[in-house]
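>>> Okay, predicted coordinates and the sequence, questions at the end:
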2 protein chains.
Amino acid sequence: MNHYKAYCFDLDGTVYHGTEPVPEAVALIEQLQQQGIEPYYITNNSSATPEQVQQKLAGFGIHTKAKYIVTSAIAAAHYCKENFTDAKVQMFGETGLREALLAEGIELVTSNPDIVVMGIDREVTYEKLADLCLNIRAGAKFIATNGDRAMPTERGLLPGTGSFIKLVEYSTGVTPTFMGKPEPFMLSYIQEKSGYSKEDMILIGDNYDTDILAGIRYGIATAHVEGGVTSREEVLLKEDHPTYLLENLASVSIEKAFQG
Amino acid sequence: MNHYKAYCFDLDGTVYHGTEPVPEAVALIEQLQQQGIEPYYITNNSSATPEQVQQKLAGFGIHTKAKYIVTSAIAAAHYCKENFTDAKVQMFGETGLREALLAEGIELVTSNPDIVVMGIDREVTYEKLADLCLNIRAGAKFIATNGDRAMPTERGLLPGTGSFIKLVEYSTGVTPTFMGKPEPFMLSYIQEKSGYSKEDMILIGDNYDTDILAGIRYGIATAHVEGGVTSREEVLLKEDHPTYLLENLASVSIEKAFQG
């Protein structure tokens, strides 16, 4: 895999499991950095800012800059900016989404939006959801950060962003445009910012249905790593296989895959 | 239709539209009462108590007793009582659901429930939804009052009970048992309480997919009345037709249908 220039790492399940780092991932990232390659990190999480993710990674011994961290919120803000000139946006989300939208210079409104951008807002109220539904029924475009069903926490699996989006989708009958994996918007964002070609890019992740599919759909190399959501056996049953199947991210596995 | 003994009227769309009564329905109900027949009223709404519905009907000139009003909350409470002895119930709902469960002598808990009964609670918080999901994932049975997508209000169509249930269903992967129409639980409740046979019962409603299907599934006569959710043309495209197709509930239509 040494000939790639943009290594796009999934985070939860690949670089860490909740609050525990994956040692092989940390070592691989350090090794790449020593070779002068700064990896990218992509996450469907829309509630955290890149700076918050950066801080979490630093706690695992991974030192990077915020600009190498791409969230579904950043992809959503960029998508709005690129596709809808001067659009007024109503958002349902937390700091990560708000800051991403403001960073693109997007005007946030609470009534008569052109676009509704929906992530997760754990300060949810019925009124907030009612407003979103009314505005989408009135014709606002419906953009969603990601479809994740559940959010892993110490307490167990709590409702994820996708479950709130499902509520609005079910109530209005309008299906949103999703920004997170398996959609390729975070990858196209990285390509645009980095200037690398698709041949230079590889996505490394544990979840076939989000990570690997995003890479396959975008048309770049993919490496599935075991130990997370999807097992090797499950991956082999899929119609489209990743470029590489890795037991873990230890250098020896990488070298073997690359030569194999 | 004069030979029926238990007339089960759908409410919104049949007896009234929002805050406006349907004059032919009010007249028919009065006519039945003069013949000594007390109609039943069935509604998927789980948030109101029978007394609150009774008061609303009185405002339209329809005078009845609370015991003739059956909500999806009453069906849910009865279902829990009949099927699960001494079960502890966690509820997500408003006064109508709370009072229905307490009226059946059911113990309400906030942790370690055997059953989660979900209606609509417009004081929703993330914590409440998270608790429901954790308890359902831990094995609590999942019962839902109704699957209605939207709630008609003066402001427009707001998120309905079904959209919150969809959130929990999507997040947990567990499909609930629904109590409201088109499921027949409110009709079986009426049969049990009234003692009438299925041949004595007729359901009168405007919505094919909830009202008419509930009657067909329960195996009683059904009368579809125009002017609400489903048009006559749409009904005729369905595989199973209602017993009667009525333009409205004026006596002349009823007589014609009955003789036809």
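Thanks, I have it. Residues are numbered from 1 along each chain as shown, chains lettered A, B, ... in the order given.
>>> from what I can see residue A:225 touches residue A:15, true?
No - here residue A:225 lies out of contact with residue A:15, judged by Cβ atoms under 8 Å, at a distance of 10.0 Å. Just so you know, the C-beta spots here come from the backbone N, C-alpha and C atoms, and that holds for glycine as well.
>>> Of those two, give the one with the bigger neighbour count.
Using other Cβ atoms under 10 Å in any protein chain shown as the criterion, residue A:225 and residue A:15 rank with residue A:225 on top: 30 against 27.
>>> tell me the phi and psi of the closest residue in space to that one that isn't next to it in sequence?
Distances taken as Cβ to Cβ, 6 or more residues apart in numbering or on different chains put residue A:246 closest to residue A:225, at 4.7 Å, once the chain neighbours are dropped. Main-chain torsions, residue A:246, degrees, to the nearest 10: phi -110, psi 140.
>>> Then residue A:150?
With angles defined as degrees, to the nearest 10, residue A:150 sits at phi -140, psi 160.
>>> and the residue lying closest to residue A:129 once chain neighbours are set aside, how many neighbours?
Distance criterion Cβ to Cβ, 6+ apart; nearest residue to residue A:129, sequence neighbours excluded, is residue B:159 at 5.2 Å. Residue B:159: 27 surrounding residues under other Cβ under 10 Å.
>>> same check, this time on residue A:177
By the measure other Cβ under 10 Å, the count of residues near residue A:177 is 15.
>>> mind checking how far it is from chain B?
Taking Cβ to the nearest Cβ, to the nearest Å as the measure, residue A:177 falls 18 Å from chain B.
>>> check contacts around the nearest residue in space to that residue that is not next to it in sequence.
Nearest in space to residue A:177, with sequence neighbours left out and distances taken as Cβ to Cβ, 6+ apart, is residue A:143 at 5.2 Å. By Cβ atoms under 8 Å, 6 or more residues apart in numbering or on different chains, the contact list for residue A:143 reads A:76, A:79, A:80, A:115, A:116, A:117, A:118, A:176, A:177, A:179.
>>> tell me the contacts of the residue nearest to residue A:225?
Residue A:246 neighbours (Cβ under 8 Å, 6+ apart): A:223, A:224, A:225, A:226, A:253, A:254, A:257.
>>> Now which of these would you call buried?
Using 16 or more other Cβ atoms under 10 Å in any protein chain shown as the burial test, those include A:223, A:224, A:225, A:226, A:253, A:254 as buried.
>>> In the residues you listed, which has the lowest confidence score?
The lowest pLDDT within these belongs to residue A:253, with 68.
>>> Which members of the buried ones among the contacts of residue A:246 occur in strands, if any?
Cross-referencing the buried ones among the contacts of residue A:246 against strands under DSSP state E gives A:223, A:224, A:225.
>>> Was I right to think residue A:54 contacts residue A:67?
No - between residue A:54 and residue A:67 there is no contact, the gap being 9.5 Å when judged by Cβ under 8 Å.
>>> Counting neighbours, go ahead and name the busier of those two.
Legend: neighbour count by other Cβ under 10 Å for residue A:54 and residue A:67, higher for residue A:54 (20 against 12).
>>> quick one: what helix or strand has that one in it?
Applying DSSP states H and E as the criterion places residue A:54 in helix A:50-59.
>>> Going by residue numbers, what spans are strands in the stretch 101-250 of chain A?
Taking DSSP state E, counting those that start in this stretch, the strands of the stretch 101-250 of chain A run over residues A:107-108, A:115-118, A:141-144, A:150-153, A:156-159, A:177-178, A:201-205, A:221-225, A:244-246.
>>> closest to residue B:198 out of these?
With Cβ to Cβ, the closest approach to residue B:198 among the strands of the stretch 101-250 of chain A belongs to strand A:156-159: 40.8 Å.
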